[in-house]
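Trainee: Structure, please.
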Amino acid sequence: MNSELQQIPTDSAASTQPNRGRGAWFLLLLALANLMWAGQGSAVKILEGDSSQPDRLGPIAITFLPFYVATLLLVPLLVWRRVQDPRAVRPSRGDWWKFAVAGIGGQIVAQLGMTWGVSRSLASNAAILNLMIPIASAVLASMMLGERLTRLRVACLAVGLVGAYILSLSDARSSAFLEGNYLVGNLLIVAGCFGSSFYNVYCKGLLARFSELDILIFSYVTASLASLPLWAIEPLNWQTLAHLMREQWLAFAFLAVCHYELSMLLFFYVLEHVSVTAASTSLYLVPLFGVPIAMIFAHENVSSTAMFGTAVVLVATIAIMRYDPSAA
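Mentor: Numbers count the residues shown, from 1 in each chain. So this is what the prediction gives:
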């Protein structure tokens, strides 16, 4: 086990009363991050374009082209931070191996698995399978970081899972987990869920020595380099980019700036102050934000069942951010 993972005082605040003001602030930041994550599926579908188009971006291009742009945009921010703080820790060779583990086992598996999986399956299947992320994160945090699965955390995870499932009832009715046409895609989505959970937990351990910005950029750099051989599977036709429509470029920009950058910086900032379990419970907010997004952009009707599920998810998230000692 990495020494960083052993040194994290994950429950050092367990004996203190939570600071409700800070809990509300962390909840707001997590809500903003989840709002950005909620738009990933729509952005991916827009970038895919119409199936009748002769030139379309494949899953590797949709995953990594915005990822590369996000990495390049973050590098100047890292340089500026190093100028402002020359005493910041410089990664050793051993640290770079740890960032490679985070980038490859976390980001590449999470992002490519989710994007490729959705392209070979149904959005409804992805909506259901994504509910695994908070539970998987809580289990991994208990194993890797020694975080305690308190009654409050277990209860909030369970309530959030129930609420998120109620939100997804219509998707559950139309899901096809084991159909032969979708099985490979579903397995890729599951891999993406576990990649996301692993990344969040593993990076919590790295926060002992590095800032959230350091971890994000260094893991992105290693993931970008490690992804280069994947282009042999799906060679890029650069002319395809010239044929992208305005809304596709907007979707590209959203993935690069909001999904890969801002949302992760917000999540890591909160993760530095709260447990992985508490922060991961906020991921139930993704289907919550999917309700207004569907109303505004897809002009979908929202049932009373979905509204009830939204309320349940919100209660579970507020409860753990207000009463969990790690949110103090």
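Trainee: Correct me if wrong: Leu283 contacts Ile133.
Mentor: Yes: under the contact definition of Cβ atoms under 8 Å, Leu283 touches Ile133, with a separation of 5.2 Å. Bear in mind the C-beta positions are built from the backbone N, C-alpha and C, glycine included.
Trainee: Between those two, tell me which one has more neighbours.
Mentor: A count of neighbours by other Cβ atoms under 10 Å puts Leu283 above the other of Leu283 and Ile133, at 27 against 21.
Trainee: can you tell me how far that one sits from Glu234?
Mentor: Applying Cβ to Cβ, to the nearest Å, the value for Leu283 to Glu234 is 29 Å.
Trainee: cool, and Tyr269?
Mentor: To Glu234, Tyr269 is 34 Å away according to Cβ to Cβ.
Trainee: just Ser227 next, same as before
Mentor: Counting by Cβ to Cβ, the gap from Ser227 to Glu234 is 11 Å.
Trainee: Which one's more surrounded, those two?
Mentor: Counted by other Cβ under 10 Å, Ser227 and Glu234 do not tie: Ser227 has more neighbours, with 20 against 15.
Trainee: quick one: that one and Gln111 touch, right?
Mentor: No: look at Ser227 against Gln111 with Cβ under 8 Å: they stay out of range, at 9.3 Å.
Trainee: Now do the shared contacts for those two.
Mentor: Listed contacts common to Ser227 and Gln111 are 64, 67; contacts here mean Cβ atoms under 8 Å, 6 or more residues apart in numbering.
Trainee: what about the helices in the stretch 101-250 of the chain?
Mentor: 109-119, 123-129, 132-144, 151-167, 169-174, 180-206, 212-227, 239-242, 246-253 (DSSP state H, counting those that start in this stretch).
Trainee: most packed of those helices?
Mentor: Neighbour counts (mean count of other Cβ atoms under 10 Å) averaged over each of the helices of the stretch 101-250 of the chain peak at helix 109-119, with a mean of 23.
Trainee: tell me the angle of that helix relative to helix 132-144?
Mentor: Helix 109-119 runs at 160 degrees relative to helix 132-144, counting by axes from the mean of the first three to the mean of the last three Cα atoms, to 10 degrees.
Trainee: CA-only coordinates of helix 109-119 in CSV, if you can.
Mentor: C-alpha atoms of helix 109-119 as CSV (Å, rounded to 0.1, in the frame of the first residue of the first chain):
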residue,chain,number,x,y,z
VAL,A,109,-10.5,3.5,-18.2
ALA,A,110,-13.2,5.9,-16.9
GLN,A,111,-13.5,8.2,-19.9
LEU,A,112,-12.9,5.8,-22.7
GLY,A,113,-15.0,3.1,-21.1
MET,A,114,-18.0,5.5,-20.6
THR,A,115,-17.8,7.0,-24.1
TRP,A,116,-17.1,3.8,-26.0
GLY,A,117,-19.7,2.0,-23.9
VAL,A,118,-22.5,4.5,-24.6
SER,A,119,-21.7,4.3,-28.3
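Trainee: which residues are contacting it?
Mentor: With contacts defined as Cβ under 8 Å, 6+ apart, helix 109-119 is touched by 40-41, 44-45, 48, 58-60, 62-64, 67, 126, 185-196, 198-199, 227, 230.
Trainee: Phi first, then psi, for Arg87.
Mentor: Taking degrees, to the nearest 10, you get phi -90, psi 0 for the backbone angles of Arg87.
Trainee: any residues in contact with both of Ser227 and Glu234?
Mentor: With Cβ under 8 Å, 6+ apart as the test, Ser227 and Glu234 both reach Ile60.
Trainee: Point out where the stretch 51-200 of the chain drops to low pLDDT.
Mentor: Along the stretch 51-200 of the chain, segments meeting pLDDT under 70 span 51-54, 121-129, 131, 147, 149-150, 152-153, 156-157, 160-161, 163-183.
Trainee: make it 90
Mentor: 51-59, 75-93, 111, 113-194, 196-197, 200 (pLDDT under 90).
Trainee: what about Arg209, how many residues close to it?
Mentor: Arg209: 16 neighbours (other Cβ under 10 Å).
Trainee: From what I see, it and Ala88 are in contact.
Mentor: No: in this structure Arg209 lies outside contact range of Ala88 using Cβ under 8 Å: 10.1 Å.
Trainee: quick one: average pLDDT of stretch 33-43?
Mentor: Mean pLDDT, stretch 33-43: 80.
Trainee: Next, the distance between the ends of that stretch.
Mentor: For stretch 33-43, the first and last residues are 15 Å from each other (Cα to Cα, to the nearest Å).
Trainee: can you check stretch 84-95 too?
Mentor: 22 Å.
Trainee: Next: stretch 44-60.
Mentor: End-to-end for stretch 44-60, by Cα to Cα: 11 Å.
Trainee: buried ones in it?
Mentor: Within stretch 44-60, the residues scored as buried using 16 or more other Cβ atoms under 10 Å are 44, 46-49, 56-60.
Trainee: And stretch 257-267, by the same measure?
Mentor: By neighbour count on 16+ other Cβ under 10 Å, the buried set for stretch 257-267 is 257-261, 263-267.
Trainee: three-state assignment of Arg90?
Mentor: Judged by DSSP: H, G, I helix; E, B strand; the rest coil, the three-state class of Arg90 is coil.
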